[in-house]
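*Asks:* predicted model and sequence below, questions to follow.
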Amino acid sequence: MDLYARARELGIQTDYIDGQGHRHVTDAAALQIILDALPVRISTRLLDQAVVVRSGQPSRTDLSQATAFPLRWKIVAGVEVIADGEAHDRTIDWPADLPIGCWRLHLADASGHTEQSPFIVAPRAFAGDFDRCWLLAVQLYGIRSARNWGIGDFTDLEGLIELAASLGADGVGLNPLHALFDDRPGDCSPYSPNSRLFLNPLYVDVEKLPGFERAIEDQSMLPVLRADPTVDYAAVAELKWRALRFAFDVFKAGSKGERQRDFEKFCAERAPLLSRFACFEVLRHKLGKPWWEWPDEWRQPDEAKCASLRQGEDAAEIEFVEFVQWTADGQLRACKELADRLGMKVGLYLDVAVGVQCDGFDAWNEQTAISRHLSVGAPPDALNTAGQNWGLAGFNAAGLERQSFEPYREMLRASMRHAGAIRLDHVLGLKRLYLVPHGFAADNGVYVQMPFEALLAATAQESTRHRCVVIGEDLGTVPEGFRAQMAEWGIWSYQVMMFERDDTGSFRGVDHYSANALVTFNTHDLSTYAGWRSFSDLKLKRSIGIDPGESDDARWHALTMLSDVLRHHAIDDHDLYAVAGFLARTRSRLLAISLEDLLGVIEQPNIPGTVNEHPNWRQRLPLTIDAMPAAIDVAALKRATAVRSRAAV
């Protein structure tokens with residue numbers, strides 16, 4: 001069987017038509033790397049995919065033509081048989097009262113052939129217990145305050161929650177809080193994490209920890225960091241990690257009372273992943289190489305070896321990593337509890353990156369379901385004619401199916417732990433991923449099909465368990481029926497007003513927007529409202545050699561079209577509050593308004609396709625939290641959002 005035939009059998013699409021109508025066929029050398037990188041799928045003869053059942057609804061599954069009857073089936077939870085039966089034709093009608101969960105289906109046909117498959121019984125995702133509300137969208141790192149150490153932290157987040165509540169919002173939306181690399185502070189993109197399972201310790205307010213004072217005997221750097229217009233990640237990291245180490249020393253030397261019990265409880269709750277993460281971080285620092293170049297004994301996670309490592313000279317260092325995660329988790333939990341006390345209906349809305357760095361913990365910990373040799377990206381289109389390689393490792397179908405989708409669930413649980421809503425970046429990746437092998441150009445990738453229905457069901461299960469709304473970032477062109485299938489499972493859409501225009505460039509009216517959606521004017525990858533109106537985004541991109549994909553004439557036309565749609569809805573002005581008022585009238589149950597827009601910031605947080613040309617993920621807001629209310633037209637904002645649930649606050 002040749003490479004291309006083998007790829008077709010595995011559901012890999014090796015040719016595609018790009019955004020300009022050109023046909024691409026994946027190079028054979030690139031395809032060989034892709035095939036070698038993906039785990040071999042368990043051979044099946046009776047079923048071709050995991051079985052998914054919607055709780056409480058009739059459901060049936062068709063067996064393959066190769067099945068010999070009668071066929072015996074049973075659904076198993078550990079050693080317990082939940083249900084069993086016998087099939088005499090090619091359709092199995094499943095019992096209607098199956099319990100919610102992820103089980104194993106055992107099949108045995110008359111020929112003696114046996115096989116197993118994941119069997120998922122799931123409800124629709126949590127729908128939210130609110131009508132319509134709005135959220136304050138924030139890049140946490142960019143927050144200024146009189147007390148922080150040059151980067152926004154979890155105490156600042158408490159201040160933002162109080163500010164949002166006073167403005168009538170029901171939550172605060174944040175950039176990803178995923179763990180990055182403590183020894184590579186310059187790699188600061190929150191969308192390129194070391195791990196999506198743990199938190200970024202730079203957001204810890206170290207001044208809340210006993211013992212931090214010893215870390216900053218010379219405080220001369222703090223005023224400099226607070227005044228810096230951008231986050232100096234290297235300087236911030238040096239100070240904060242030193243403070244965290246002093247705080248750990250105080251913790252270890254102190255009484256073993258309530259804090260110790262809380263720490264032990266946290267470690268038990270997050271076991272075994274937390275222990276593995278701590279061991280990984282210690283090994284990464286000791287060995288100084290990517291994990292695939294480590295000694296053989298450490299190239300795969302091993303519980304016995306990790307336990308042995310904990311008994312040796314690295315025991316304290318391992319516990320330090322756990323202490324830092326406990327500290328970060330506790331401060332984030334306090335933010336969630338504050339939002340609850342203030343009656344916020346969403347609280348924290350957290351973003352989840354589409355992939356991870358290949359040399360990070362998640363890729364080491366989950367080598368079957370994540371391949372380090374392949375990067376998630378996108379094929380060439382009108383805006384990116386060379387295609388995109390995001391440099392991130394993503395999940396693969398065969399590895400997830402082998403483990404009944406548990407690695408994906410672990411990621412969701414970590415993200416939902418303190419959140420009332422999450423956004424899945426590039427949710428199209430649940431259906432298909434465009435993968436590019438390392439060393440090849442972005443146009444030499446392939447589309448790999450994912451177990452969409454099973455992943456939606458797993459998402460819905462975790463959403464219901466955690467009472468957490470899930471929003472899928474479904475921007476751009478998606479396959480026919482994709483959004484409908486997502487909606488059937490209760491996963492919300494993500495609608496950005498900048499993109500909601502017809503073929504003539506006219507902005508769509510309020511009736512166009514879906515009820516189960518988050519609606520916003522822009523995103524962190526797009527211009528701010530002030531930058532958009534002033535053409536500053538176009539000027540900046542041209543100045544650094546990037547084609548903005550839009551002429552000045554096209555922008556003037558867009559501004560005219562915006563005024564037209566606002567006037568059509570009896571909104572006479574065209575400032576930010578007019579746009580907020582327009583979006584507030586939509587049926588969409590969540591509206592996000594960015595803090596940058598409320599403060600009139602011109603430059604956007606991130607310009608895709610740049611590295612050093614623009615201070616991506618570094619820009620700080622011009623005002624401290626205390627000064628923000630005076631800079632926001634609070635009365636205008638409350639009028640604009642009056643139709644939303646907390647407008648009377």
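*Replies:* That came in fine, so what should we check first? Residues are numbered from 1 along each chain as shown.

*Asks:* list the buried ones in stretch 46-66?
*Replies:* Buried residues in stretch 46-66, counted by 16 or more other CB atoms under 10 Å: Leu46, Leu47, Gln49, Ala50, Val51, Val52, Val53, Arg54, Ser55, Ser59, Thr61, Leu63. In short, each C-beta sits where N, CA and C put it, glycine included.

*Asks:* do the same with stretch 172-190
*Replies:* Buried residues in stretch 172-190, defined by neighbour count with 16+ other CB under 10 Å: 172-182, 185, 188-190.

*Asks:* and if you look at stretch 494-501?
*Replies:* Within stretch 494-501, the residues scored as buried using 16+ other CB under 10 Å are Tyr494, Gln495, Val496, Met497, Met498, Glu500.

*Asks:* quick one, helices of the stretch 401-550 of the chain?
*Replies:* Using DSSP state H, counting those that start in this stretch, the helices found in the stretch 401-550 of the chain span residues 406-416, 452-466, 482-488, 529-533, 536-543.

*Asks:* now the helices for the stretch 201-350 of the chain?
*Replies:* For the stretch 201-350 of the chain, the helices defined by DSSP H, counting those that start in this stretch cover 221-227, 233-253, 258-269, 273-287, 303-310, 315-341.

*Asks:* most tightly surrounded among those helices?
*Replies:* By mean neighbour count, with neighbours taken as mean count of other CB atoms under 10 Å, helix 273-287 ranks first of the helices of the stretch 201-350 of the chain at a mean of 21.

*Asks:* identify the residues contacting it?
*Replies:* Applying CB atoms under 8 Å, 6 or more residues apart in numbering, the contact partners of helix 273-287 are 179, 182-183, 195, 197-198, 266-267, 291, 293-295, 298, 301, 306, 309-310, 314, 317-319, 321-322, 325, 361, 364-365, 410.

*Asks:* dump that helix to CSV, keeping only the CA atoms.
*Replies:* Presented in CSV, the C-alpha positions along helix 273-287 are these (Å, rounded to 0.1, in the frame of the first residue of the first chain):
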residue,chain,number,x,y,z
LEU,A,273,-0.8,15.0,37.3
LEU,A,274,0.6,17.6,39.8
SER,A,275,3.3,15.2,41.0
ARG,A,276,4.3,14.4,37.4
PHE,A,277,4.4,18.1,36.5
ALA,A,278,6.6,18.8,39.5
CYS,A,279,9.0,16.0,38.5
PHE,A,280,9.0,17.1,34.9
GLU,A,281,9.9,20.7,35.9
VAL,A,282,12.7,19.5,38.1
LEU,A,283,14.1,17.2,35.4
ARG,A,284,13.8,19.9,32.8
HIS,A,285,16.0,22.2,34.8
LYS,A,286,18.5,19.5,35.8
LEU,A,287,18.9,18.0,32.4
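
*Asks:* distance from the chain centre to it, please.
*Replies:* Its chain's C-alpha centre and that of helix 273-287 lie 23 Å apart, by CA atoms, centre = their mean, to the nearest Å.

*Asks:* what inclination does that helix have with respect to helix 303-310?
*Replies:* Between helix 273-287 and helix 303-310, the angle comes out at 60 degrees (axes from the mean of the first three to the mean of the last three CA atoms, to 10 degrees).

*Asks:* who are the contact partners of Asn365?
*Replies:* Shown in contact with Asn365 (CB under 8 Å, 6+ apart): Leu273, Arg276, Phe277, Phe280, Pro301.

*Asks:* wait, which of those residues is closest to Asp156?
*Replies:* Of all those, Asp156 sits closest to Phe277, with 25.4 Å by CB to CB.

*Asks:* what about the nearest residue to Ala125 once chain neighbours are set aside, how many neighbours?
*Replies:* Excluding its sequence neighbours, the residue lying closest to Ala125 (CB to CB, 6 or more residues apart in numbering) is Gly490, at 3.4 Å. By the measure other CB atoms under 10 Å, the count of residues near Gly490 is 21.

*Asks:* ramachandran angles for Arg60?
*Replies:* Main-chain torsions, Arg60, degrees, to the nearest 10: phi -140, psi 160.

*Asks:* sorry, that was for Gly19
*Replies:* Dihedral angles (degrees, to the nearest 10) for Gly19: phi -70, psi -10.

*Asks:* that one reaches Asp381, doesn't it?
*Replies:* Yes. At 3.2 Å, Gly19 and Asp381 qualify as touching, with contact defined as CB atoms under 8 Å.

*Asks:* shared neighbours of those two, which are they?
*Replies:* The overlap between the contact sets of Gly19 and Asp381 (CB under 8 Å, 6+ apart) is empty.

*Asks:* surely Leu332 touches Phe154?
*Replies:* Yes. Applying CB under 8 Å, one finds Leu332 in contact with Phe154, separated by 5.9 Å.

*Asks:* what touches both of these two?
*Replies:* Joint contacts of Leu332 and Phe154 (CB under 8 Å, 6+ apart) are Tyr203.

*Asks:* how about the closest residue to Gln449 other than its chain neighbours, what does it touch?
*Replies:* Closest residue to Gln449 apart from its sequence neighbours, by CB to CB, 6+ apart: Gly11 at 3.9 Å. Applying CB under 8 Å, 6+ apart to Gly11 gives the contacts Ala397, Val448, Gln449.

*Asks:* can you say which of the helices of the stretch 401-550 of the chain is nearest to Trp73?
*Replies:* Closest to Trp73 of those, according to CB to CB: helix 452-466, at 17.9 Å.

*Asks:* ok, and for that closest one, which residues are buried?
*Replies:* Result for helix 452-466 [16+ other CB under 10 Å]: buried residues 452-464, 466.

*Asks:* looking at the helices of the stretch 201-350 of the chain, spot the one closest to Cys133.
*Replies:* Proximity to Cys133 (CB to CB) singles out helix 315-341 among these, at 12.3 Å.

*Asks:* just the angle for the closest one relative to helix 258-269, thanks.
*Replies:* Here the directions of helix 315-341 and helix 258-269 differ by 90 degrees (the same axes, to 10 degrees).

*Asks:* what's helix 315-341 packed up against?
*Replies:* The contact analysis (3 or more CB pairs under 8 Å, 6 or more residues apart in numbering; DSSP states H and E) places helix 315-341 against helix 154-167, strand 195-199, helix 233-253, helix 258-269, helix 273-287, helix 303-310, strand 347-352.
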